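A.B. asks: Fold the stuff below for me.
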Amino acid sequence: MHKDELLELHGHMVKIMETFRGMEDVDGSGFDAYDQLDVTPDDVHKSKSEHKHAVFVLGNALAAVMSEDEFSDAGRIGKRMQELADDAESKL
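C.D. replies: Numbers count the residues shown, from 1 in each chain. From the prediction side, this is the model:
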């Protein structure tokens with residue numbers, strides 16, 4: 001994936017996150033790990049690796065918000081996103 005495509009994906013995922021944050025029954029603290037990264041889709045000067053890591057961390061948070069438990073489809077996706085985030089972080 002090219003960096004511009006990754007930035008676009010990152011932007012779409014942030015919009016989804018903002019939608020969830022606007023819901024009363026969603027605990028917004030689930031996105032704290034993403035917020036602590038301080039990497040947004042607008043940070044075009046940040047490396048592709050940093051954005052990749054941010055996308056996986058955000059993907060994990062989104063899956064966690066949508067999952068009923070770790071064995072649901074979203075729960076399994078969240079687990080895989082965490083593995084990918086850990087791998088991406090080791091390459092930073």
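A.B. asks: before we move on, which element is the most centrally placed residue in the chain in?
C.D. replies: What sits nearest the mean C-alpha location of the chain, by CA atoms, centre = their mean, is residue 58, with 1.1 Å. Assigned by DSSP states H and E, residue 58 falls within helix 48-66.
A.B. asks: which residue sits closest to the residue nearest to the centre of the chain in space, ignoring its chain neighbours?
C.D. replies: residue 34 (4.6 Å; CB to CB, 6 or more residues apart in numbering). C-beta: built from backbone N, CA, C; applies to glycine.
A.B. asks: Give me the buried positions along the strand or helix carrying the one you found.
C.D. replies: Using DSSP H and E, residue 34 maps to helix 32-37. Under the neighbour-count criterion of 16 or more other CB atoms under 10 Å, helix 32-37 has 33-34, 37 buried.
A.B. asks: and of these, the nearest to residue 21?
C.D. replies: residue 34 (11.0 Å; CB to CB).
A.B. asks: Model confidence for that closest one, exactly?
C.D. replies: Residue 34 carries a pLDDT value of 97.
A.B. asks: so who does it touch?
C.D. replies: 17, 54, 57-58, 61 (CB atoms under 8 Å, 6 or more residues apart in numbering).
A.B. asks: Mind putting those residues into a markdown table with distance to residue 5?
C.D. replies: Output for the contacts of residue 34, formatted as a markdown table (distance: CB to CB, whole Å):
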| residue | distance to residue 5 |
| --- | --- |
| 17 | 19 |
| 54 | 14 |
| 57 | 18 |
| 58 | 16 |
| 61 | 21 |
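A.B. asks: Could you export those as TSV, including pLDDT?
C.D. replies: Below are the contacts of residue 34 laid out as TSV (pLDDT from 0 to 100):
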residue	pLDDT
17	96
54	97
57	96
58	97
61	94
